[in-house]
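Novice: I would like the atomic coordinates for the input below:
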Amino acid sequence: MSTVQHSNLPLRWLHKIKFWHVLLLIAIGLLVRSPPWFIVQPSEMAHVRRLGKVVHPAPLPEGWYFKAPLMDDVDILQVSLTSFQVEDLPIFTMDSQWINVSVGISFSIPEAAVFNLLYKVGRSGGFDIDENIRPVISESTMLVFSRHLAEKLPEEREQVVKELEMELSAALQRIFGLHIEDVQIININYLSARAAMLCEQLKQMDTQPSTDAAK
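Specialist: Coordinates of the predicted model:
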């Protein structure tokens, strides 16, 4: 008899569960998974996508906002002063010397650039910005150092920094809308004579097929 009573206990509990209990559990699950609010910090701006479409024409400043659960995705971007470094760039100077250069920049993001960076650079959201900035910094650095002699770099360092700041400011503003606050040459490493010779040999090997074809 006791065995039958124990087997009926789950059924009794099921009868006691009301429909609104189920709805309450579903609502709690939705709130945990997708709360109907979000916060934008003072150093950030945000856009909201509703079913894949951007809702607001202008980015949202700091504050507390509502959003539709399961329908809205919030993309938040840091717009305050940000530091970024690219290390050990291989550079070929004006006098055919190989050096490694490490460059650091500090930038901020104007309001007008937020939409472009969130949705027109890499994936939606601020995921691929760093990877897209890196090649622009590399190209500008190579261009500036190619105008200078390796042996003159110590005495021309200040001039090189100014030229690099001009190049990076123009390129990063044009492509991404970034505002460059500061540019620094963190380090310059001169490669050994042996390494320079090997690099030159590799360069000649790369141009050999085109030379032979010309003949």
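
Novice: where does this structure dip in pLDDT?
Specialist: 1-34, 192-203, 205-215 (pLDDT under 70).

Novice: how about the helices in it?
Specialist: Assigned by DSSP state H, the helices in the chain fall at 2-16, 19-33, 114-119, 129-145, 153-176, 193-214.

Novice: Could you chop this protein up by domain?
Specialist: 2-78, 82-214 (automatic domain parsing).

Novice: so can I have JSON lines of those domains showing mean neighbour count?
Specialist: From N, CA and C alone the C-beta is placed, and that goes for glycine too. Below are these laid out as JSON lines (neighbours: other Cβ atoms under 10 Å):
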{"stretch": "domain 2-78", "mean neighbour count": "12"}
{"stretch": "domain 82-214", "mean neighbour count": "15"}
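
Novice: Now do stretch 153-162: distance to the chain's middle.
Specialist: 29 Å (Cα atoms, centre = their mean, to the nearest Å).

Novice: Confirm for me that Asn132 is in contact with Arg123.
Specialist: No. Applying Cβ atoms under 8 Å as the test, Asn132 and Arg123 come out as separate, 10.8 Å apart.

Novice: list the contacts for the residue nearest to Ala68 when sequence neighbours are not counted?
Specialist: Nearest residue to Ala68, sequence neighbours excluded (Cβ to Cβ, 6 or more residues apart in numbering): Arg50, at 6.5 Å. With contacts defined as Cβ atoms under 8 Å, 6 or more residues apart in numbering, Arg50 is in contact with 68, 71-72.

Novice: ok, now Pro35?
Specialist: Pro69.

Novice: ok, 10 Å please
Specialist: 66-67, 69 (Cβ atoms under 10 Å, 6 or more residues apart in numbering).

Novice: Likewise for Val161?
Specialist: 103, 144, 182-185.

Novice: Same check on Met142?
Specialist: 89-93, 101 are the contacts of Met142 under Cβ under 10 Å, 6+ apart.

Novice: For these, give me JSON lines that also has distance to Pro36.
Specialist: Formatted as JSON lines, these follow (distance: Cβ to Cβ, whole Å):
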{"residue": "Leu89", "distance to Pro36": "47"}
{"residue": "Pro90", "distance to Pro36": "51"}
{"residue": "Ile91", "distance to Pro36": "52"}
{"residue": "Phe92", "distance to Pro36": "56"}
{"residue": "Thr93", "distance to Pro36": "58"}
{"residue": "Val101", "distance to Pro36": "49"}
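
Novice: tell me the two of these that are most distant?
Specialist: Greatest spatial distance in those: Leu89 and Thr93, 12.2 Å, computed using Cβ to Cβ.

Novice: overlap in contacts of the two?
Specialist: 99, 101, 142, 145.

Novice: Export those residues as JSON lines, with columns for distance to Phe38.
Specialist: Below are those laid out as JSON lines (distance: Cβ to Cβ, whole Å):
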{"residue": "Ile99", "distance to Phe38": "47"}
{"residue": "Val101", "distance to Phe38": "41"}
{"residue": "Met142", "distance to Phe38": "41"}
{"residue": "Phe145", "distance to Phe38": "44"}
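
Novice: which of the residues you listed sit farthest apart?
Specialist: It's Ile99 and Met142 that sit farthest apart of these, by Cβ to Cβ, at 10.7 Å.

Novice: which residues do the two both contact?
Specialist: 89-93.

Novice: Just the ones in strands from the residues you listed, please.
Specialist: Mapping the shared contacts of Ile99 and Met142 onto strands (DSSP state E) picks out 89-92.
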